[in-house]
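Visitor: Make a model of this:
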Amino acid sequence: MARNKGKKYQSAAAQVEDRPYQLEEAIPLVKKIKFANFDETVEVHMRLGVDPKHADQMVRGTVVLPNGLGKSMRVLVIAAGDKQREAAEAGADYVGGEDIVNRIMSENWLDYDAVIATPDMMRSVGKLGKILGPRGLMPNPKTGTVTVDVAKAVQEVKAGKVEFRVDKSGVIHAPVGKTSFATEKLIENASTLIQAVIKAKPSAAKGKYVRSATVCSTMGPGVPVDVSTFNVKAV
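Guide: Alright, predicted model coming up:
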């Protein structure tokens, strides 16, 4: 975006050397060169040696970050009977069944950050694909958001569960906290995410798995991360 290329951005970018950084030095630099006047999100971007056009090379999963994301996640649970009570007791912000499905369809209601559904509700929830899908909110068994254990699912999302998925160009983008976090907490979160992506390496992926990686804040320039050790661990 053009506004990123102003004097503040250029000043921040000038402090990033043209070399790969260890994660332990990249994170403090991201915090140091932050210039926006709000608590920016710290993001990890990883370019993988996979072709996501092939189903057997899709990289997708979830991980609970040890130090959370620094934001209060609003969770919607679509369930019936006792599962509604379990969801409410676990801290879900919104709970309902067919009534919620109808509300989303009629009002295009999207005032939540995550959606969890029980398997018996998926026939109804399936109607919401065009609304929830493009926003990454559609419940999916692979990410633990279609489950009978709604209480556990709610607690994990509230604790800072992050979903990662490779995009069409083979890149994963994921948040790992806020610039206000202590450096150690950001390093621990970023390392946890990276290890989860490495564990998710498809057997069909050949050659170098992690091609490159950067960390940055929402508005700040990317800081390149040394990926040599990632690929050693991935073997």
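Visitor: Hmm, residue 204 is touching residue 57, no?
Guide: Yes: here residue 204 reaches residue 57: they are 5.1 Å apart, a contact under Cβ atoms under 8 Å. The C-beta positions use only the backbone N, C-alpha and C, and glycine is treated the same way.
Visitor: Send me stretch 163-176 as CSV with only the CA atoms.
Guide: Extracted in CSV, the C-alpha atoms of stretch 163-176 (Å, rounded to 0.1, in the frame of the first residue of the first chain):
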residue,chain,number,x,y,z
GLU,A,163,-5.4,-21.4,12.1
PHE,A,164,-2.8,-21.5,9.3
ARG,A,165,-3.4,-22.3,5.7
VAL,A,166,-1.1,-22.0,2.6
ASP,A,167,-2.5,-19.6,0.1
LYS,A,168,-2.5,-20.0,-3.7
SER,A,169,1.1,-18.7,-4.0
GLY,A,170,2.5,-21.1,-1.4
VAL,A,171,2.7,-18.6,1.5
ILE,A,172,1.4,-18.9,5.0
HIS,A,173,0.4,-15.7,6.9
ALA,A,174,-0.3,-15.9,10.6
PRO,A,175,-0.5,-13.5,13.6
VAL,A,176,1.6,-14.3,16.7
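Visitor: Can you point out the buried residues in the longest helix seen in the chain?
Guide: The longest helix of the chain (DSSP state H) is helix 183-199. Neighbour-count burial for helix 183-199 flags 185-194, 196-198 (criterion: 16 or more other Cβ atoms under 10 Å).
Visitor: Burial check on the residue nearest to residue 100 when sequence neighbours are not counted, number of neighbours?
Guide: Closest residue to residue 100 in three dimensions, ignoring its sequence neighbours and counting by Cβ to Cβ, 6 or more residues apart in numbering: residue 78, at 5.4 Å. Residue 78 has 28 neighbours, counted by other Cβ atoms under 10 Å.
Visitor: Wait, residue 78 touches residue 125, no?
Guide: Yes: counting by Cβ under 8 Å, residue 78 touches residue 125, with 5.7 Å between them.
Visitor: which residues are common contacts for these two?
Guide: By the contact definition Cβ atoms under 8 Å, 6 or more residues apart in numbering, residue 78 and residue 125 are jointly contacted by 101, 115, 117, 139.
Visitor: So which of those is surrounded by the most neighbours?
Guide: Of the shared contacts of residue 78 and residue 125, with other Cβ under 10 Å as the count, residue 117 tops at 28 neighbours.
Visitor: That concludes my questions; thank you for your assistance.
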